[in-house]
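Chemist: 3D, please:
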Amino acid sequence: MHGRPRKPLKEEDESVLSAKAEKLHSLQSQFLANHQNRIYTKEALDLSAKLLEINPECYTAWNYRKLAVQHNLSESNSDSDASLFDQELKVVENALKKNFKSYGAWHHRKWVLSKGHSSIDNELRLLNDFQKADARNFHAWNYRRFVTALMKISDEDELKYTEKVIGVNFSNYSAWHNRSVLLSTLFKRKAEGFSHKEKVLQEEYKYVHSAIFTDSDDQSGWFYHLWLIDQTVKNDAPLLVSSWPSHGANITLNGNNSLHGSGLSLLNSTLSDTKTLPVILCFNQAVEGVNSSTVVVKSELLKEDLVWKPLSTNNSSTAQVWVVYLNMGNMKLQLSKTYSIEINIGHSMGILSSNGYHYGAPSQITFEVCVQTAYTEPVDGQRGKLTSWKDNDFRKIDHFEESNPAVSADHHIPTTSNWCMEAIDEEITNFQDLSDCKIRKLTLARLLIALDLLSPQHDKRKNHTEEVLKLYTELMKLDPTHSLYYKDEHSLLLLQQITSSRESLIPYCHYYKDASETNTSYVCLRLQNLSLSRMGSFENLLWVQMLDLSHNELRSIEAVTIAFKKLEKGLTVNFLTGLEAMQLLSCLNLSHNKFGSFTALGPLRLLKSLKVLNISCNELGSHSIDTRRYLCSSPLAHSEVFAWDRFEILCGSYSATKFWEAFLIFESLNLTDLNIAGNAVADENFASFIVKVLPTLKLLNDEEL
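Modeler: Predicted coordinates:
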């Protein structure tokens, strides 16, 4: 733990440990017998206390003591209540002396104090003892917040306490973290002396400099400095940052399953499905409360109430991207007639961030819809059309006539103060001359990104993206242990650069021509061969219907948190959305990447329009254990809805462990063309299973079914 090397055991040590294990086994057997028989005598309690003193991680023993206390309380008079709880506090203290990072012990102590029968005057003394033993014991710091709330100690006094602790040892990361928690609370409630956030942050920059410049290799102060940067440039209230359709868009609906005409532009889009028209709202942070009361849609088209849905891979009611589907099939639309749709967002209260902030800037989106040809049902048994991703099937686009639709120009985004830019500018100057360590380079990269996003659009100063990309490239070589992190940051910044404007997008946009339809072509965004390891900037890609991400180094298309992000008028946000935001996406190429698990493809489940998917030549099935599972959801999680009955029927005699991930991803899709060749999992049994899961499939591995 904490970098301490393990030493091989000596022979005499092994015999001692063996004796301890035998003693512990005996205690556990006696304790479990008492627990099973509900024996709560003094002798039984003493035995459980002895067990916990040896092994504080025995959760069952802590739960047993709770049951024992409740049992004994019911049979005793009120005068003995305090002594019962005091005894519990003593047991916890003895256990913590054995392991002062025991979850069970700290939780039990909270439970005892929450009953209100014990004095809390002794708690801060106990905490001081444990924090002296390990100043960065986060259990003790969490417990301290619990105790100070009970004792009604003010946040201002606790802020002074963090100064005292940091003064003793500025390497105390937990103290810096607690300081950020306290300041966030004080800012939110606009406490006296903290209502002017800029003034407080200015003092905090000076305060953290004393730690950073004393020892630039110590990372505690640097982490707090990153928090200060985020506080300097972020906007607390949620804001709408992009939408599809964007304000002023003209949408042409075709019923003959083709894309043409105005579909060659980004702003004026042509869709192939007249039955369903998605309306997508993308906020700068996850929100709840998006419904027909907070988002009002007005149009002569609407004949029924609309239900907004959060696009979340974990079935949460909070999401950064929300969608509603206009069911055009139920509307009597006149051909070639233009219909206007108006969306008013946040004009009534209710849209709320996870931090408790209300939607900050009511806004309006207006777009037009026109049906060009009537919808025709597909003929049963119609032959599948092979989608080719070869270079000769694409041709470059020279220019777009319309403005960039990625961020609607009339979304109101508050401008940042001059102080914010001055503060970041000053920090850049301070760190330009610091020793050339890796944390300095990383902080400088973050500061330059922050400066760019704060700069107003009319400011002609040099954009620092290229400089930051160079810094991340240098960090990959300087600090190979964390090279994947730097590569991810490099990828995200590169995507931000590409998708930030119409001009930067043009080199990556191509016309795709379907060989079976001589007059049909539409836009494909080709982001292949860019060495991308992570995907981001989805809020700028809501319009994309065909996307080529082949020949990269992607391991996941799940959501990713970004510290800073450039918006149209310059604000910072934490983007948490993944590929699920691209509700128009119908064709996707993920071939020749590094996907090692189907769960890394989780967002595909929410793409209702997806028809063509190429995931060939990846690493699916190559790894018995998904080492990146922490990035992905699991079908065994309580939030997942998994159709076990159907899965077992489809699986038949095949190995269930081999197929459950694929079933989770594909069973909700309506793919017509799937390519899984070149993966370890793609044998005949798996192909047979996939065909059963996807009854709509016409082509598998470029072969007609």
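
Chemist: Tell me which residues are up against the strand or helix carrying residue 91.
Modeler: Here residue 91 sits within helix 81-98, counting by DSSP states H and E. The contact list for helix 81-98, computed with C-beta atoms under 8 Å, 6 or more residues apart in numbering, reads 49, 52-54, 56, 65, 69, 72-73, 76, 102, 105-106, 108-109, 112, 115, 117-118, 126, 130. (Glycine included, C-beta is placed from N, CA and C.)

Chemist: Also stretch 160-174?
Modeler: For stretch 160-174, contacts defined as C-beta under 8 Å, 6+ apart pick out 131, 135-138, 141, 175-176, 178-179, 182, 210-211, 214-215, 218-221, 223.

Chemist: got the end-to-end distance for it?
Modeler: By C-alpha to C-alpha, to the nearest Å, the extent of stretch 160-174 from end to end equals 15 Å.

Chemist: What are the buried residues along it?
Modeler: Across stretch 160-174, burial judged by 16 or more other C-beta atoms under 10 Å covers 161, 162, 165, 166, 170, 171, 172, 173, 174.

Chemist: what does stretch 696-705 give?
Modeler: 697, 698, 699, 700, 701.

Chemist: so the fourth one makes contact with residue 671?
Modeler: No - look at residue 700 against residue 671 with C-beta atoms under 8 Å: they stay out of range, at 9.4 Å.

Chemist: tell me the mean pLDDT for stretch 440-449?
Modeler: Stretch 440-449 carries an average pLDDT of 90.

Chemist: how about residue 453, phi and psi?
Modeler: Backbone geometry at residue 453, expressed as degrees, to the nearest 10, gives phi -70, psi -20.

Chemist: and residue 325, bridged to which residues?
Modeler: residue 278 (DSSP bridges).

Chemist: mind listing what it touches?
Modeler: Residues near residue 325 by C-beta under 8 Å, 6+ apart: 276, 277, 278, 279, 608.

Chemist: The same query, at a cut-off of 10 Å, please.
Modeler: 275, 276, 277, 278, 279, 306, 307, 308, 309, 583, 608 (C-beta atoms under 10 Å, 6 or more residues apart in numbering).

Chemist: Go through these and name the one with the lowest pLDDT.
Modeler: Note: of these, the lowest pLDDT belongs to residue 275, at 68.

Chemist: Quick check: residue 526 touching residue 589?
Modeler: Yes - the criterion here is C-beta atoms under 10 Å, and residue 526 meets it with residue 589 at 8.8 Å.

Chemist: Identify the contacts common to those two.
Modeler: 389, 546, 547, 548, 549, 550.

Chemist: how near is the fourth one to residue 56?
Modeler: Here the distance between residue 548 and residue 56 works out to 55 Å (C-beta to C-beta, to the nearest Å).

Chemist: need the helices for the stretch 601-705 of the chain, in chain order.
Modeler: Here the stretch 601-705 of the chain has its helices, by DSSP state H, counting those that start in this stretch, at 644-651, 656-666, 684-693.

Chemist: from the ones you listed, which stretch is densest packed?
Modeler: Comparing the helices of the stretch 601-705 of the chain by mean neighbour count (mean count of other C-beta atoms under 10 Å), helix 656-666 ranks first with a mean of 19.

Chemist: hang on, the earlier thing: nearest to residue 614 among the buried residues of stretch 696-705?
Modeler: residue 701 (9.7 Å; C-beta to C-beta).

Chemist: what sits against that closest one?
Modeler: 614, 616, 673, 674, 675, 676, 677, 678, 682, 687, 690.

Chemist: Roughly how far does the second one sit from residue 388?
Modeler: I take that to be residue 616. 13 Å.

Chemist: Please enumerate the shared neighbours of the two.
Modeler: Common neighbours of residue 616 and residue 388 (C-beta under 10 Å, 6+ apart) are residue 702.

Chemist: With residue 35 as the reference, measure out to the closest residue to residue 117 other than its chain neighbours.
Modeler: Distances taken as C-beta to C-beta, 6 or more residues apart in numbering place residue 85 nearest to residue 117, at 4.6 Å, with adjacent residues excluded. Residue 85 sits 20 Å away from residue 35, going by C-beta to C-beta.

Chemist: Repeat that for residue 646.
Modeler: Residue 646 is 41 Å from residue 35, where distance means C-beta to C-beta.

Chemist: cool, residue 73 as well?
Modeler: Counting by C-beta to C-beta - residue 73 and residue 35 are separated by 18 Å.

Chemist: go on, residue 197?
Modeler: Note on residue 197: its distance to residue 35, by C-beta to C-beta, is 53 Å.

Chemist: Ok, residue 694 next?
Modeler: Using C-beta to C-beta, residue 694 is found at 51 Å from residue 35.

Chemist: Over to residue 583?
Modeler: Taking C-beta to C-beta, one finds residue 583 at 53 Å from residue 35.

Chemist: repeat for residue 508
Modeler: Distance, residue 508 to residue 35, by C-beta to C-beta: 64 Å.

Chemist: what about stretch 120-132, distance to the chain center?
Modeler: 36 Å (C-alpha atoms, centre = their mean, to the nearest Å).

Chemist: And for stretch 92-104?
Modeler: Its chain's average C-alpha position is 33 Å from that of stretch 92-104, according to C-alpha atoms, centre = their mean.

Chemist: and if you look at stretch 359-373?
Modeler: Using C-alpha atoms, centre = their mean, the offset of stretch 359-373 from its chain centre is 28 Å.

Chemist: just stretch 677-696 next, same as before
Modeler: For stretch 677-696, the distance to the chain centre is 30 Å (C-alpha atoms, centre = their mean).

Chemist: What of stretch 62-74?
Modeler: On the basis of C-alpha atoms, centre = their mean, stretch 62-74 sits 40 Å off its chain's mean C-alpha point.

Chemist: please begin residue numbering at 27 from this point
Modeler: In the new count, where the first residue is 27, that last one comes out as stretch 88-100.

Chemist: pLDDT (mean, whole number) over it?
Modeler: 91.

Chemist: got the buried residues for it?
Modeler: 88, 90, 91, 94, 95, 98, 99.

Chemist: cool, stretch 69-89 as well?
Modeler: Judged by neighbour count using 16+ other C-beta under 10 Å, the buried positions of stretch 69-89 are 70-71, 73-78, 81-82, 84, 87-88.

Chemist: Can you flag which of those belong to strands?
Modeler: The members of the buried residues of stretch 69-89 all map outside strands under DSSP state E.

Chemist: I'd like to know how far the spatially closest residue to residue 381 that is not a sequence neighbour sits from residue 338.
Modeler: Nearest residue to residue 381 in three dimensions, chain neighbours excluded: residue 262, at 6.9 Å (C-beta to C-beta, 6+ apart). According to C-beta to C-beta, residue 262 and residue 338 sit 22 Å apart.
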